[in-house]
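Enquirer: 3D, please:
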Amino acid sequence: MDHEFPSLVASDVDGTLIDNDERITARTRKAASAVVESGTPFVLATGRPPRWLDPVVDGLGFAPLAVCANGAVLYDAEADRVLEAAMLSVETLAWIADLIEYELPGAGLAAERVGSTAHDTATPQFVSAPGYEHAWLNPDHVEMAPEDILSAPAIKMLIRIPGASSAAMVATLRPLVGERADLTYSTNNGLIEVSAPGVTKASGLRLIARRLGVSESGVLAFGDMPNDIAMLAMAGHGVAMENAHPDTKAAADEVTATNSDDGVARVLERFWVN
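Expert: Next up is the predicted model:
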């Protein structure tokens, strides 16, 4: 590789760090542990909210800093503390909801909120309109009337049309939303994820690099979906998985093996495991 020795490793979770059974393999755990033992920070960068990181932390065997909700939340897993959160305002949520009613009629709406910790019981963290069909298993949602979903700031808004193309949904909304919010997707199964303007995994990772006093040019980042593109582009060396979306591969400096074939570990071993 023709880039500097990594100053920070950042990895997406689903489709990247974990295999298709949602497990971290022994090989990947060993490689990630070697990074941490060397004194180099290992950071998670995920679309997941903080409360969905417990199985990943258990699989790694250490509790890393994490960029959650596609860059909206910086989370200290070891202390179970939300360090920073970038919110969509109530006004922006309402404006987007009105836009969706005209442009994507019938779409389901949900919002992800955050408290001071991952499991803050005082804050209903995932709220959805009645009939909202989840893109993945999510047993911890609270159903609310649509107007109540829009009544408090959120770290992420979710727009869902089961069976639709997420890429097509984004293509419809992006020219209309402009710079008022950031749109992305992590599955092509009819789900758009909306964040505050300028909030991406790259923006979150920049904040963490600044906190840790490490070089952005030394960031080694891994991902597989369009919500990883900004992060792979900002990293000194961006690595896409073989199973990645074509647009993500195009944004990467390198393509490694699939998530089920220890693609992350194979790259890390060049530096830390002999």
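Enquirer: buried stuff in stretch 166-183?
Expert: 166, 169-170, 172-173, 177, 181-183 (16 or more other C-beta atoms under 10 Å). The way it works is simple: take the backbone N, C-alpha and C, and place the C-beta from them, glycine included.
Enquirer: Which of the three states applies to Ala244?
Expert: Secondary structure assignment for Ala244 (DSSP: H, G, I helix; E, B strand; the rest coil): coil.
Enquirer: Return the per-residue confidence for it.
Expert: The per-residue pLDDT reported for Ala244 equals 97.
Enquirer: quick one: which helix or strand includes Ala265?
Expert: According to DSSP states H and E, Ala265 maps onto helix 263-272.
Enquirer: For that helix, what is the distance to the chain centroid?
Expert: Relative to its parent chain, helix 263-272 has a centroid offset of 21 Å by C-alpha atoms, centre = their mean, to the nearest Å.
Enquirer: on contacts alone, who are the packing partners of that helix?
Expert: In terms of contacts (3 or more C-beta pairs under 8 Å, 6 or more residues apart in numbering; DSSP states H and E), helix 263-272 is packed against helix 26-37, strand 219-223, strand 237-240.
Enquirer: Buried residues in the longest one, which are they?
Expert: For helix 26-37, the neighbour count (16+ other C-beta under 10 Å) marks 27-36 as buried.
Enquirer: Would you mark the buried spots in the helix holding Ala265?
Expert: Within helix 263-272, the residues scored as buried using 16+ other C-beta under 10 Å are 263-268, 271-272.
Enquirer: hang on, the earlier thing: dump the helices and strands packed on helix 263-272 to CSV, plus distance to Leu74 and mean pLDDT.
Expert: Listed next are the helices and strands packed on helix 263-272 as CSV, based on distance: least, C-beta to C-beta, whole Å; pLDDT from 0 to 100:
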stretch, distance to Leu74, mean pLDDT
helix 26-37, 18, 97
strand 219-223, 15, 97
strand 237-240, 20, 97
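Enquirer: Could you export the ones you listed as CSV, including distance to Glu91?
Expert: Output for the helices and strands packed on helix 263-272, formatted as CSV (distance: least, C-beta to C-beta, whole Å):
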stretch, distance to Glu91
helix 26-37, 41
strand 219-223, 31
strand 237-240, 34
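Enquirer: between these, which gets nearest to Ile229?
Expert: With C-beta to C-beta as the measure, strand 219-223 is the member of the helices and strands packed on helix 263-272 nearest Ile229 (7.6 Å).
Enquirer: What is the subsequent helix or strand relative to that closest one?
Expert: helix 229-234.
Enquirer: Figure out how far that next one is from the centre of its chain.
Expert: On C-alpha atoms, centre = their mean, the centre of helix 229-234 falls 12 Å from the chain's centre.
Enquirer: Now do that helix, average pLDDT.
Expert: For helix 229-234, the mean confidence score works out to 97.
Enquirer: Which neighbouring elements make contact with that helix?
Expert: If you count contacts as 3+ C-beta pairs under 8 Å, 6+ apart, helix 229-234 packs onto helix 201-212, strand 219-223, strand 237-240, helix 246-251.
Enquirer: ok, 6 Å please
Expert: Counting contacts by 3 or more C-beta pairs under 6 Å, 6 or more residues apart in numbering; DSSP states H and E, helix 229-234 packs against helix 201-212, strand 219-223, helix 246-251.
Enquirer: Highest mean neighbour count out of the ones you listed?
Expert: strand 219-223 (a mean of 30; mean count of other C-beta atoms under 10 Å).
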